Each structure stands twice: as C-alpha cells, then as structure tokens.
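A.B. asks: give the three-dimensional model of this entry:
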Amino acid sequence: MKPKKIIALSLLASLPFAMKAQEATTPDSIVRKPSKFKVSAYIQGQFQYGQEDATLKVGDKNEQEDKSFNRFGIRRGRLKFEYNDGIGTGAIQIDANEKGVSFRDLYIGIQDPWTKRCQLLAGVFNRPFGYEIGYSTSGLESPERATIIQYFFPDERDLGAMLTLRAKETSPIGFLRLDAGLFAGNSINRETDNRKDFIGRLGAEKEIGNWGKWGLGASYYNGSVYNPTATAYELLDKRFVAVDQGKTGTYMKREYIGLDAQFSFQNSWGTTTLRGEGLFGTQPGTASSTRSPNTETRPANEPENALFKRPFIGYFFYLVHDIGISPFSVVLKYDTYDPNTRLKGNEIGTENSRTTRTDLSQSTFGIGALYRLDKHIRVQAYYEFNFNEKSDFVTGYEKDRKDNVFTLRLQYKF
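C.D. replies: Numbers count the residues shown, from 1 in each chain. Okay, here's the model as predicted:
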C-alpha cells in the first residue's frame, strides 16, 4: 500500500479519538461561541383593500381608477445576523419581498468594557430621533409608522456614526440615555456630498413600582438638503417667491425638533399603553414632494428639482390595550401631518402662489386588533380612515378623497 494511503487511513482512524479528546478538554468553547451569534427573522404577509384613491403598501397601483381594489403581498421579510462578544458587535439585516432583496442594518459597535452601557456605533442603523423610529415593525401596533416618520426618515436608517452615553444603573441619572451622531442624511444609500447631519436624542425611562412605566424624550436634527438649481423658493405672505442663489449646488437648512412620551400601566382590565410624539421645524422639498432625500445620486439641475422651504408640524398618538391575560389587544391611533403651517385650505393652489397639493395637510384615524396565537405568530387587522385638507383650487382635492385602507396581516417571527 502506498505511503499516502496509509497516512490518510491512519488520520481517519484517529479522528473519533481526536474529537472525543476535544470534547473532553474544551466543552465550554463549543457552547459559548454559538451563544455570541444570534439569528432572528420575521415575515409579514398581508392582504390590503383600498378605496379608489388609496395607495397600498403591497402590489401595484389601482388599475381601475374609479373602483376600489385589493392586493396580496409580502410587506416585509427581515433576516438579521448579529454577533456580540461582550465588547464588540457586528450586525447585518436584509429585507426580502416580491420586489427584490435589499439590506437594512449594516453596522459595527464597540461597548465600554466596564459598564457596557456606553457604545460607539458606525455603519447603517436607526437614526436616534424620537421613539417610533427605533420601535421594531415586528412589534408595531399599526401596519405602518406615522406619516411624518415615513416622509422624513425613509427606511428609518442612515449611514453614520453615533455615540451612546449612559451612567451606571445604580447612578441617580442611570435612567437617562444620550444618543448623538453625524449622518450622511441620505437614508441607506451611499453618501453624495461632504455635508453631515447632526441627530441627537436625550431620553429618560423608568419603572413605577411593579405596575407601570414611563418614558420621555427630546430630539434634535440639524442638517441640509442639496439644491441642484440656482433658484430656491421661500414663502412671502401666502405664496412662494423665487430666490436667486447665484450658483447651482447650494444647500437649504433642514431642522427638526421632536418630543415624545410613553406611559404604560397595569389595571384590572389588563395593560394600557399611551404613546405620543410630535415634530416641528423646517423641511426642504420640491414642488411635488416633502420627502427627505433617499437616492443614490444627486438630483439633476432641472426646474422640478428646485427646493421649497416649508415650515411643518406633525404628531401622532397611540392607545393600546392588552385585554387581561388574553392574546387580544385593541389599538387606536391618530396621526396628522401639515407640511406647510403658513397656509390653510383655499390659500393653497391659488394662481401664481406656486403652491400645490404638496402643501395640503393630511390626517389618519386608525382602529385595529391584534391576536397573538403564540410567541411566534401574530394576526393583525387594521382599518385607516384617511382625511385630506381641501382646497377649491387644487384639482382632485376639492373634497375629501376616497382613500381609506384595510389591512389584514399574518406575521411569523423567530
């Protein structure tokens, strides 16, 4: 027999003994290493029905503009891989549905080795503004986040670096948390300029005996939006006027101030939770949209991409009640967003004002129910009554549009 075959057979024969010896000498290493690695996921399949003017989150737009319509779809399919060795953290989260696959989280973090309550985070992760952005959609009691959050914080995440500071739990200020960082301001897309946006939140959270819990937060956003044209528009009285910037490629200030509060308590009927959040400030947008930047390239030097400076306000409230020890919960939510607080009703859309339907406010009243079959499966039914501000001078918005939406969702989480 050839020497190579003899060596190979000898190695195979000794393998069980080597494995047994390893089990005997390093049992902890086999157990502990997997405990540092975590995989989690959730899938949300849903059916939606909308009135003729509605916009649904799954499927294509309405093919018959004068009739109601319905769609099936996968709203979210999230898979997250995270490794934490006690000091360092690395995470990747991807989202998959019938439209394709994209990433959501992609970050590394370093904790202080003493208290493990302070951290430096870098990469793509949730922006530290308000309470709802960091609230996972797998636990959210309504199908979607508030309108203003969807508009101003697309994908909830951004590319940047953030420092988290917290005192020891035993400290008198141990219930406080400060998050502050610099971000690209372009959601999960690549950075396109040298500017950085500052985002920070100071939050407090504390339990009340064994029957309740409260939380408060104040947030601040200071950034800018790129203007590809030499003209920008600002409000003068009740209309937008053109302001010559002297050159292309200037920036318009983007500034938000936010306040949030949470309170939950146990009672004879179960557990009741109240949450509220509000934002106000200045949002640069175009004539047709007030959404924040969320593209991989800078906008072109075209008239329709010129920036309009608008003062805004938006706020929303939740009332959630878990019924006794049953798996049922009921949900009430009110959500409103006014993109231009300087104008109302028939002041919008008038001749030479350069105002459009983009300047009209919108609000939503939602009512829903949750049923948790077990710790993995949740069924959600939710109906949204949508209302828009009316103006005789904006086509299609002379009266309230028919755009209510019903959502039935099945979620599996593991």
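
A.B. asks: where does this protein have low pLDDT?
C.D. replies: 1-34 (pLDDT under 70).

A.B. asks: so which residue is dead centre in it?
C.D. replies: Centrality entry for the chain: nearest residue to the mean C-alpha point is E156, 3.2 Å, by Cα atoms, centre = their mean.

A.B. asks: quick check, it in contact with E144.
C.D. replies: No. Contact criterion Cβ atoms under 8 Å: E156 and E144 do not qualify, at 11.5 Å. (Each C-beta comes from the backbone N, C-alpha and C, glycine too.)

A.B. asks: ok, longest strand in the chain?
C.D. replies: strand 250-267 (DSSP state E).

A.B. asks: name the residues of the next helix or strand along the chain from it that are buried.
C.D. replies: Remark: after strand 250-267, the chain's next helix or strand is strand 270-285, criterion DSSP states H and E. Counting neighbours by 16 or more other Cβ atoms under 10 Å, one finds that the buried residues in strand 270-285 are T271, T273, R275, G276, E277, G278, L279, F280, G281, Q283, P284, G285.

A.B. asks: one more: stretch 213-224?
C.D. replies: W214, G215, L216, G217, S219, Y220, Y221, G223, S224.

A.B. asks: likewise stretch 357-367?
C.D. replies: Buried residues in stretch 357-367 (16+ other Cβ under 10 Å): R357, T358, D359, L360, S361, Q362, S363, T364, G366.

A.B. asks: which residues does the first one contact?
C.D. replies: Going by Cβ atoms under 8 Å, 6 or more residues apart in numbering, R357 touches I348, G349, V394, G396, Y397.

A.B. asks: so who does the residue nearest to the centre of the chain touch?
C.D. replies: Applying Cβ under 8 Å, 6+ apart, the residues near E156 are N126, R127, I133, G134, R145, I149.

A.B. asks: could you check how far E398 is from S219?
C.D. replies: 37 Å (Cβ to Cβ, to the nearest Å).

A.B. asks: likewise W211?
C.D. replies: When distance is defined by Cβ to Cβ, W211 is 28 Å away from S219.

A.B. asks: could you pull out the strands for the stretch 51-200 of the chain?
C.D. replies: Along the stretch 51-200 of the chain, counting by DSSP state E, counting those that start in this stretch, strands occupy 69-84, 88-97, 100-111, 119-126, 157-165, 176-183, 197-208.

A.B. asks: nearest to R372, of these?
C.D. replies: strand 69-84 (17.9 Å; Cβ to Cβ).

A.B. asks: angle of the closest one against strand 88-97?
C.D. replies: 160 degrees (axes from the mean of the first three to the mean of the last three Cα atoms, to 10 degrees).

A.B. asks: count of neighbours near L182?
C.D. replies: Using other Cβ atoms under 10 Å, the number of residues around L182 comes to 17.

A.B. asks: do the same with L176
C.D. replies: 16.

A.B. asks: ok, it - contacts?
C.D. replies: So L176 contacts R166, A167, L202, G203, A204 (Cβ under 8 Å, 6+ apart).

A.B. asks: about what we covered before: out of the buried residues of stretch 357-367, which are inside strands?
C.D. replies: Q362, S363, T364, G366.

A.B. asks: in which helix or strand would I find the residue nearest to the second one when sequence neighbours are not counted?
C.D. replies: Distances taken as Cβ to Cβ, 6 or more residues apart in numbering put T336 closest to S363, at 3.9 Å, once the chain neighbours are dropped. Taking DSSP H and E as the definition, T336 sits inside strand 328-338.

A.B. asks: contacting residues around that strand?
C.D. replies: With Cβ under 8 Å, 6+ apart as the test, strand 328-338 has contacts from 141-142, 146-148, 151, 312-323, 361-372, 382, 389.

A.B. asks: which of the residues you listed are buried?
C.D. replies: Buried among the contacts of strand 328-338 by 16+ other Cβ under 10 Å: 141-142, 146-148, 151, 312-318, 320-322, 361-364, 366, 368, 370, 372, 382, 389.

A.B. asks: I figured M252 hits P293, correct?
C.D. replies: No. The criterion here is Cβ under 8 Å, and M252 misses it with P293 at 11.3 Å.

A.B. asks: between these two, which contacts overlap?
C.D. replies: V225.

A.B. asks: A218: what secondary structure?
C.D. replies: Three-state assignment for A218 (DSSP: H, G, I helix; E, B strand; the rest coil): strand.

A.B. asks: dig out what it forms beta bridges with.
C.D. replies: Counting by DSSP bridges, A218 is bridged to L202, L259.

A.B. asks: would you agree it is in contact with L202?
C.D. replies: Yes. Using Cβ under 8 Å, A218 is in contact with L202, at 5.4 Å.

A.B. asks: what about stretch 220-233, how long is it end to end?
C.D. replies: 24 Å (Cα to Cα, to the nearest Å).
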